[in-house]
Structures are given as C-alpha cells and as structure tokens.
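Q: predicted coordinates and the sequence they were generated for:
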Amino acid sequence: MGQTGVLLLNLGGPDRPEDVRPFLYNLFSDPEIIRLPFRWLQKPLAWFISTSRARKSQANYAQIGGGSPLRRITEQQAKALKAALADLGIEANLYIGMRYWHPFTEEAIAQIKLDNIRQLVILPLYPQYSISTSGSSFRLLEALWENDPALRQIHYTLIPSWYNHPGYVAAMAELIRRELDQCPNPDTAMVFFSAHGVPKSYVTEAGDPYQEQIEACVRLIMNALGRPNPHVLAYQSRVGPVEWLQPYTEDIIPELAAQGVKTLVVVPISFISEHIETLQEIDIEYRELAEEAGIEIFRRVPALNDHPGFIVALAQLVKESLAAPPRTFADVNTLRKRVKLYPQERWEWGMTSAAERWNGRLAMLGFLALIIELISGQGPLHMLGLL
Ligand SMILES: C=CC1=C(C)c2cc3[nH]c(cc4nc(cc5[nH]c(cc1n2)c(C)c5CCC(=O)O)C(CCC(=O)O)=C4C)c(C)c3C=C
Ligand SMILES: [Fe+2]
Ligand SMILES: [Fe+2]
C-alpha cells in the first residue's frame, strides 16, 4: 500500500478585505449555490452579485478583523488530526481543499498527485450533508477525476456526512453543558440550535437530506446532553429572494422573548469552526436582536475548532473509512438530484427556435436591468434582498 492522504473539504473564506469580492464571485459562480435557467448567465450574475454585495459583506468581515479565520482554524484541525491519526498507528498526509478560496481544492489535488498518494480519504468538514456544501465539493472532485486518468489510479473513499458520530455528538454536548453551567439558571435556559439555512426547494424538490440530518443531529445532542432544558431549532443566514428552511433564527429570537424566555444558549449546529456566521451574525447581530427583544442572558457555545475529543472523533472516522469498502462519488451521487431554485425552472425550456429566441431576448433584458441596478443602486435585486 502506498502513501495515505486525508483531504479535508471546507468552504473557505476571504483572508483579507480585498479577497471578499473575488471570494463571493467564486461562491455565486457555483450552480449548486445559485442555479439559473441559462448556464451562460451564471458568471455575469456572479460578477454582478459579488460586485454589489462586496461592500456589505466587507463591512461584516471588518467586524471580525477584516477576514475569515477559517483557513487558520482548518490548518490547526489538520495538524491535530495528523497527530491523532499517528496515535492510532496511521501515518497520513493531510490536505485542505477549500471550495471558494485558498487553498483551493484544485491546489490540494495537484499536491496529492505530486506526493504520489495511493489511498485517499475525503472528509468534508460539514457534519451534515447538503447539496450546497459537501455536495458541491464532491461534484467538483468528480469532475477533476473524470478529466484526469492519473487521479483514477488513487484508491479513494469518501465520508458523505458524520452528524451522528458518537464522538462528535459527545463533544458538542460537552461544550453546551459547559456554557449552560455558566448561566444562573442552568436547567431552565433555552438551548437554541441555529443551523445554516438552505433554500427550502433544496429539501422539498432536490432531495437534500440536510434538514433531516440537522434534526436528527439535534435529537442526538439533546440526548447526549442529558439535561431537562427546553430546546428549539431555527435556520440562519438566509440570502436571496426564495423561501429558505424555516423557522428563521431572526424571527424566533423575538418570539421566544415575547413568551418570557430570558436566557438563550445559542448552539451553531452546522459549523465546526468559528467563521463569519458565528462571530459576526450570531455574536453581534443576533445578540443585539435578542437584547433589544428583552433576552437578559445570551451565551453562544463556541465552535469545536480543535477540541481534542472532536479531533479524536475525526481520526476514528478516517480509520473506519480506511477499513470500510470504498464509497465513491457515484455512490453519493444518489444524494444529489437536480436543484430547482427559481420559479422559471418550472417552465419547459424547449429547444424550439422560437423558445430559444425568446429565452435569449428575456435574458438580455434581464442582464441589462442588472447593469442598470448596479449603476443606480436601485432595482429588483435590492428589493428582493439579494444585494
Ligand atoms: C453548513 C454550512 C453552510 C451551508 C449549508 C451554506 C449554504 C449557503 N451559503 C450561501 C451563501 C453564502 N455563504 C457564505 C459564507 C459561508 N457559508 C458557510 C457555510 C455554509 N453555507 C461558510 C463556512 C462560509 C464562510 C464563512 C467565512 O468565515 O468566511 C457567504 C459569504 C458571507 C456573506 O456575505 O454572508 C455567502 C453569500 C448560500 C446561498 C447557501 C445555500 C444555497
Ligand atoms: Fe454559506
Ligand atoms: Fe451571513
């Protein structure tokens, strides 16, 4: 058996303020994030949204020091995981493949080839599978594999999700317990699970198992917690005009306050590393909202980062994966059906010449409207909240 590698997948985040716009461009260029009826519209729309959103997004990143800590934390996780694997008798090279920023997945794969890796475990750093996260990274890897015979020599296996791994669940419960014990009323504080949202159609139309896995994960963590506290689950970080998974975090916080809840312990459930949605959105935006609504104690459970029990859980996952029969991109493909995001997609886009002509004209008109909106700062995308 040749050299073993572990490829950690994550989304990536801008390191500096000037990275924000190109990072957003990469993100919105991904059809797993925004799927449009015309492929050719993807890049112009990504350019448009990233250019227009950059200022707002930069201001958010400025509140957490100008950039995302995701790369630094993922590097710490990789280092700790390498050591934990060595403790289990597994010598492995660790690689980090980010989807939308450095170090890019393509860079990691180039290094894996140079290092002559023969056996590779692909581990997304998202506990729950979503089309928009792990699914998108798998799709990219699948395309790289299809186009490169050298990669097809590598014996690889992938771990689609691990939301139910006992070591991960126990580490989450431990962090929650620690935070509850800091409250004056540890047994009655409301445990508020805030998951990153996805458009509802991902689940209802495209078959994304994300919501199911989030809900199961919450149940497992509450069982492991073994405390009598009430709990609630809501979804944060909505972007764009379509309906996302409900209830929304920003709606539930004031509702709970109105019901007389005084203490919230917020648990970021879909993230294992600190990043903008924990440090800015929860710690700043939601805290402010909660305090204005009358919540007196607002505590946030830290992300796992390089929590020792969590790193051991990742090492066990890798070990189990090396011993298990290979699971390939084709196997997880069944988790990914066609994503429908916008109502236009329910139309029949026939290949008749008349339909093609009208599609083209409408698209040109739409694009012109986007340009006008960019210049004037007024228009439908602002009204819909995309910008
Ligand atoms: C489980 C985690 C995540 C899901 C699901 C997810 C879906 C999703 N995200 C967007 C839009 C944006 N995401 C952004 C940043 C971002 N998102 C996640 C995680 C999930 N996204 C991470 C880890 C990050 C990076 C954070 C960092 O620290 O840099 C952004 C950029 C930030 C901003 O401007 O708000 C956008 C935009 C969509 C549309 C989506 C599902 C379709
Ligand atoms: Fe996101
Ligand atoms: Fe956000």
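A: Received it, and whenever you're ready, just let me know what you need. Ligands and ions are numbered 1, 2, ... in the order given.
Q: from now on I want contacts and neighbour counts done on CA atoms only, so please keep to that.
A: Fine.
Q: in the stretch 251-387 of the chain, what residue lies closest to ligand 1?
A: Going by C-alpha to the nearest ligand atom, ligand 1 is nearest to residue 275 of the stretch 251-387 of the chain, at 3.5 Å.
Q: what about that residue, neighbour count?
A: Residues lying near residue 275 (other C-alpha atoms under 10 Å) number 21.
Q: which non-adjacent residue is nearest residue 217?
A: Using C-alpha to C-alpha, 6 or more residues apart in numbering and skipping residues adjacent in sequence, the residue nearest residue 217 is residue 163, 5.7 Å away.
Q: quick one: neighbours of that neighbour, just the number.
A: Residue 163: 23 neighbours (other C-alpha under 10 Å).
Q: looks to me like it is in a helix.
A: No. Counting by DSSP: H, G, I helix; E, B strand; the rest coil, residue 163 is located in no helix; its state is coil.
Q: that one contacts residue 170, correct?
A: No. With contacts counted by C-alpha atoms under 8 Å, residue 163 stays clear of residue 170, the gap being 11.2 Å.
Q: whichever helix or strand residue 332 is part of - contacts with which helices or strands?
A: Taking DSSP states H and E as the definition, residue 332 sits inside helix 329-333. Packing partners of helix 329-333 (3 or more C-alpha pairs under 8 Å, 6 or more residues apart in numbering; DSSP states H and E): helix 134-146.
Q: let me see the residues that make contact with the helix it packs on.
A: Taking contacts as C-alpha atoms under 8 Å, 6 or more residues apart in numbering, the residues outside helix 134-146 that touch it are 9-10, 30, 32, 99, 105, 124, 126, 129, 151-152, 160, 329, 336.
Q: quick one: contacts for the residue most central in space within the chain?
A: Nearest to the mean C-alpha position of the chain, counting by C-alpha atoms, centre = their mean, stands residue 133 at 4.9 Å. Taking C-alpha under 8 Å, 6+ apart, we find residue 133 in contact with 10-11, 126.
Q: of those, list those near ligand 1.
A: Applying C-alpha under 6 Å from any ligand atom, the subset of these adjacent to ligand 1 comprises 11, 126.
Q: can you map out the helices along the stretch 101-250 of the chain?
A: Using DSSP state H, counting those that start in this stretch, the helices found in the stretch 101-250 of the chain span residues 105-114, 134-146, 166-180, 200-204, 210-225, 249-258.
Q: how about the stretch 251-387 of the chain?
A: Residue ranges of the helices in the stretch 251-387 of the chain, as given by DSSP H, counting those that start in this stretch, are 276, 287-293, 308-323, 329-333, 353-376, 380-384.
Q: returning to that earlier point: could you measure from the residue nearest to the centre of the chain over to ligand 1?
A: 6 Å (C-alpha to the nearest ligand atom, to the nearest Å).
Q: still on that earlier bit, for the residue of the stretch 251-387 of the chain closest to ligand 1, what are its contacts?
A: By C-alpha under 8 Å, 6+ apart, the contact list for residue 275 reads 68-70.
Q: looking at neighbours, which among those residues is most surrounded?
A: Busiest of the contacts of residue 275 [other C-alpha under 10 Å] is residue 68, holding 23 neighbours.
Q: correct me, but it touches residue 276?
A: Yes. If you go by C-alpha under 8 Å, residue 68 and residue 276 touch, sitting 6.4 Å apart.
Q: find residues that contact each of these two.
A: Joint contacts of residue 68 and residue 276 (C-alpha under 8 Å, 6+ apart) are residue 61.
Q: check what pLDDT residue 63 gets.
A: For residue 63, the pLDDT comes out at 98.
Q: roughly how far does it sit from ligand 1?
A: 12 Å.
Q: phi, psi of that residue?
A: Main-chain dihedrals, residue 63, degrees, to the nearest 10: phi -70, psi -20.
Q: residues contacting it?
A: Applying C-alpha under 8 Å, 6+ apart to residue 63 gives the contacts residue 280.
Q: same thing with residue 76?
A: So, once contact is read as C-alpha under 8 Å, 6+ apart, residue 76 ends up touching residue 306.
Q: how much space between it and ligand 1?
A: Here residue 76 is placed at a distance of 15 Å from ligand 1 (C-alpha to the nearest ligand atom).
Q: numbering from 26 from now on, please.
A: Fine by me, first position is 26 from now on; the one you just mentioned is residue 101.
Q: find the helix or strand that that residue is a member of.
A: According to DSSP H and E, residue 101 maps onto helix 95-112.
Q: centre of the chain to that helix, how far?
A: 19 Å (C-alpha atoms, centre = their mean, to the nearest Å).
Q: export it as PDB, just CAs?
A: What follows is helix 95-112, C-alpha atoms only, in PDB (Å, rounded to 0.1, in the frame of the first residue of the first chain):
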ATOM      1  CA  LEU A  95     -11.500  29.600   8.600                       C
ATOM      2  CA  ARG A  96      -8.100  28.900   7.000                       C
ATOM      3  CA  ARG A  97      -6.100  29.200  10.200                       C
ATOM      4  CA  ILE A  98      -8.600  27.000  12.100                       C
ATOM      5  CA  THR A  99      -8.700  24.400   9.400                       C
ATOM      6  CA  GLU A 100      -4.900  24.300   9.400                       C
ATOM      7  CA  GLN A 101      -4.900  23.700  13.200                       C
ATOM      8  CA  GLN A 102      -7.500  21.000  12.700                       C
ATOM      9  CA  ALA A 103      -5.400  19.300  10.000                       C
ATOM     10  CA  LYS A 104      -2.300  19.400  12.300                       C
ATOM     11  CA  ALA A 105      -4.200  18.000  15.300                       C
ATOM     12  CA  LEU A 106      -5.800  15.300  13.100                       C
ATOM     13  CA  LYS A 107      -2.500  14.200  11.700                       C
ATOM     14  CA  ALA A 108      -1.200  13.700  15.300                       C
ATOM     15  CA  ALA A 109      -4.400  11.900  16.400                       C
ATOM     16  CA  LEU A 110      -4.100   9.500  13.400                       C
ATOM     17  CA  ALA A 111      -0.500   8.800  14.300                       C
ATOM     18  CA  ASP A 112      -1.700   7.800  17.700                       C
END
